[in-house]
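Chemist: I'll drop the sequence and a predicted model, then ask my questions.
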There are 2 protein chains.
Amino acid sequence: MNTRLYNAHIITMQQPVETIKGEIWIEDDRISYVGEAKSDEQIAASGIKFDCEKDCNGNVLMPSFKDAHTHSAMTGMRSYADDMPLWDWLSTKIFPLEAKLGAEDMYEFARLAVLEYLATGVTAVFDMYMNPAETARACNEMGIRYVGCCDINKFGPELSEVERRFETLNRNDGFCSYMIGFHAEYTCTKELLASISDIAAKYSSPVFTHNSETRKEVDECIERHGCTPTQLFESLDMFRNGGGGYHCVYLSDEDIEIFKKHDLFVVTNPGSNTKLASGIAPLSRYLKEGIRVAIGTDGPSSNNSLDMFREMFLTTGLAKLHDMDAAAVVPAEVLKMATVNGSLCMNLNDCDVLASGKKADIIMIDMHQPNMQPVNNIPVNIVYSGSRANVKMTMCNGKILYEDGEYKCGVDPERIYENANTLMAKYRD
Amino acid sequence: MNTRLYNAHIITMQQPVETIKGEIWIEDDRISYVGEAKSDEQIAASGIKFDCEKDCNGNVLMPSFKDAHTHSAMTGMRSYADDMPLWDWLSTKIFPLEAKLGAEDMYEFARLAVLEYLATGVTAVFDMYMNPAETARACNEMGIRYVGCCDINKFGPELSEVERRFETLNRNDGFCSYMIGFHAEYTCTKELLASISDIAAKYSSPVFTHNSETRKEVDECIERHGCTPTQLFESLDMFRNGGGGYHCVYLSDEDIEIFKKHDLFVVTNPGSNTKLASGIAPLSRYLKEGIRVAIGTDGPSSNNSLDMFREMFLTTGLAKLHDMDAAAVVPAEVLKMATVNGSLCMNLNDCDVLASGKKADIIMIDMHQPNMQPVNNIPVNIVYSGSRANVKMTMCNGKILYEDGEYKCGVDPERIYENANTLMAKYRD
């Protein structure tokens, strides 16, 4: 399947962030050309036969978004329990309901999440949850990339199961991979953390975890272990192969040095941090220190949506409020976080930018909507004015999976909604 | 034109906020029935002939949103100048460009704004800007309600012009009205403020203004006048007929007492306050004190969008961060601000809720999208998970103006985009 997308504004996300007018050629799963418009003669001379030629009508083509921290299968619990602080919410509402869920339920809820990812332009998710094989199955069947992160904690799973997952889910096909990780310091013993560090060493895996999401988490870690979560992990040599932290709202100066030493990623989750009143991550500081920042939605029951446009506005907006500086974290930086850095932190190194040879993970942004007009500055429009409603097309690996509000990924959305409602009717209090 | 909207979930916004299953009948411009489903026999017995009967397919009907503070005609300057503090942004970029704009330009830019209002479910705007008659014309031609607020400041217009506007724009047709107001303390002399207070008294008008948007504004007022802006206005008897303040990020305890004394509205603008790094308004405190809060987008060049869903999430989210309390400002309260309180602060007292006899200003929220599933709690879904993409239909005064992404208000959106771009190409640096 060869596709030509012409008459577009293109943001390749190669640095610096610029917009070019032109077209993109896709041969099977990869981009073979990005650049200025080609003439009919040039196209004929190329020898490529296009199965599909699409007039983009001046709309924007850019790399798809990468959701760098999520719990896809938590869609079922969207709007099930809200307006509670993190720990109360987890312990009194989420953990008890999760205990009732089986593997097939996870699959159903993950399918619902994938519908939402496609509608917001996400083609790869860094997912931490139980039954990772089920979420991977849902993602891959519907055409997007799954990168799992182990969620081990003192309640499970067994270490042997972690190894089994690592070995079976790393498929080297660009669609399914798995990294070592753990839920959080506050749900793991020090001994368990040491074992996880050993497994990460054995498999040369980066390690990701929820880190310093709340002030309480950091304070209680200091009480328990005499140091911050980041320092505890470092003392166990957790990051010898890199990795990073989800949330990272409360990193200390020393923590920041550890992040720099191992070139760790910060994955920011502003929607969740806002709704759960966790706080505002000091992103300007991280950027100034050279730490790479990616963006995640967190799970749909803490956010409560999987909308990368809301996350992008919050990423810059909260940074501005944190610093009381309207110039903090500019749109070009936010776009880089939501695309390039997301890819790199998930170790998806060939779908980060639009360039010849890269995987064709591309979205089209509809500029023919009032919120994107006039066109004074396209990247600024996308970050400050953009909405999920502007996602006109989502392509992963050269295949169009969503276009003009219709799903082209072989599923019936209504059936997925019905299944999710049936399950929640059974499990809800 | 009589319309029947059946098979719907209905949030009437009568208190307490609840969802009922049923239908709505609209006869011409007003609602004649809201309640449980009616049988064919009951419909026949009513004697009403419906011109249009629409199966809502389980989607939500609720009162349309009211944008309680905006500068519609600033759409042209969307993404024209960003990442600057309020005063620099105004004085170096916005004021110089505004000086080039004529009345017809305002009309064109306002038309672009109305397209955006309809797509986000807004049917009434409380607009403060130059050439109010042009914005009113754009709104009314396209079918939505305009409530203007005078923007007088030391650079213009003349007091006589303010009176002329008040007399000509108060049309008593529910579509065009005007209130006395002024830009802000920092752009008015005390003498001018006294004159405005006199005019408000003459016309028995409420008075609205930008109030305590930034810390700098409050500090400089105290330096100039020895008191806060609110206290200065009170000393001039500005609020004898009520009114309120836009932004109100930094009200003091004494200011809050003045707001309570005159039953003034706070119109919160969280998107703008975030993007301009102005700060977070203490909304929980205002609610606890019994102050009525409405929501505005502010202008599209400071926000940079006119998206009531983003504003609703920010309204609750920023309150949670301000209080560091995940239970702050719950969804039912936010919906009330965005609908009922918006209406009341604009003195539109018959389009606040869905009830027999009220004006038919109604929106349909599409629940058949993944971000609204499963349906654990509809009001919570709307505020925490909802998106502009969920606005399936916008009706004002009984007329459908926007449906399934198409405009039914007699304009060609592409022409409006083209005009806005042509104008900005001329005026941009």
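Modeler: Noted; the coordinates are in hand. Residues are numbered from 1 along each chain as shown, chains lettered A, B, ... in the order given.

Chemist: any idea how far A:Thr297 is from the spatially most central residue of chain A?
Modeler: Residue closest to the average C-alpha location in chain A (Cα atoms, centre = their mean): A:Asp67, at 1.1 Å. Using Cβ to Cβ, to the nearest Å, A:Asp67 is found at 5 Å from A:Thr297. Using the backbone N, CA and C atoms, a C-beta is placed for each residue, glycine as well.

Chemist: so what sits against both of the two?
Modeler: Listed as contacting both A:Asp67 and A:Thr297 by Cβ atoms under 8 Å, 6 or more residues apart in numbering or on different chains are A:Leu306, A:Met308.

Chemist: helices and strands of chain A: which one bottoms out on pLDDT?
Modeler: In chain A, no helix or strand scores lower on mean pLDDT, DSSP states H and E than helix A:86-88, which sits at a mean of 81.

Chemist: continuing past that helix, what's the next helix or strand?
Modeler: helix A:95-98 (DSSP states H and E).

Chemist: does that following helix come close to chain B?
Modeler: No - judged by Cβ under 8 Å from any Cβ of the partner chain, helix A:95-98 and chain B are separated, with a smallest distance of 10.8 Å.

Chemist: quick check: mean pLDDT across that helix?
Modeler: The average pLDDT within helix A:95-98 is 92.

Chemist: same question, stretch A:279-299
Modeler: Rounded mean pLDDT across stretch A:279-299 is 98.

Chemist: Likewise for stretch A:371-388?
Modeler: On average, stretch A:371-388 scores 97.

Chemist: Same check on stretch A:261-269?
Modeler: Stretch A:261-269 comes out at a mean pLDDT of 98.

Chemist: That stretch: which residues count as buried?
Modeler: A:His262, A:Leu264, A:Phe265, A:Val266, A:Val267, A:Thr268, A:Asn269 (16 or more other Cβ atoms under 10 Å in any protein chain shown).

Chemist: And A:Ala327, how far from B:Ser305?
Modeler: 19 Å.

Chemist: Quick check on those two: which one has the bigger neighbour count.
Modeler: More crowded of A:Ala327 and B:Ser305, by other Cβ atoms under 10 Å in any protein chain shown: B:Ser305, with 27 against 15.

Chemist: For the closest residue to that one other than its chain neighbours, give me its contacts.
Modeler: The shortest distance from B:Ser305 to any non-neighbouring residue, by Cβ to Cβ, 6 or more residues apart in numbering or on different chains, is to A:Ser385 (4.2 Å). Residues near A:Ser385 by Cβ under 8 Å, 6+ apart: A:Asn371, A:Met372, B:Arg78, B:Ser79, B:Pro300, B:Asn303, B:Asn304, B:Ser305.

Chemist: show me what contacts A:Thr268?
Modeler: A:His247, A:Cys248, A:Ala281, A:Leu283, A:Val293, A:Ala294, A:Ile295, A:Gly296, A:Thr315, A:Met337.

Chemist: quick check: longest helix of chain A.
Modeler: helix A:103-120 (DSSP state H).

Chemist: what's the next secondary structure element after that one?
Modeler: Next along from helix A:103-120, by DSSP H and E: strand A:122-127.

Chemist: Any idea how far that next one is from the middle of the chain?
Modeler: The chain centroid and the centroid of strand A:122-127 are separated by 5 Å under Cα atoms, centre = their mean, to the nearest Å.

Chemist: now stretch A:300-319
Modeler: The answer for stretch A:300-319 is 11 Å, by Cα atoms, centre = their mean.

Chemist: same thing with stretch A:70-82?
Modeler: 16 Å.

Chemist: swap in stretch A:71-90?
Modeler: For stretch A:71-90, the distance to the chain centre is 18 Å (Cα atoms, centre = their mean).

Chemist: Does it reach chain B?
Modeler: Yes - against chain B, stretch A:71-90 shows contacts by Cβ under 8 Å from any Cβ at A:Thr75, A:Gly76, A:Met77, A:Arg78, A:Ser79, A:Tyr80, A:Asp82, A:Asp83, A:Met84, A:Pro85, A:Leu86, A:Trp89.

Chemist: Okay then, goodbye and thanks.
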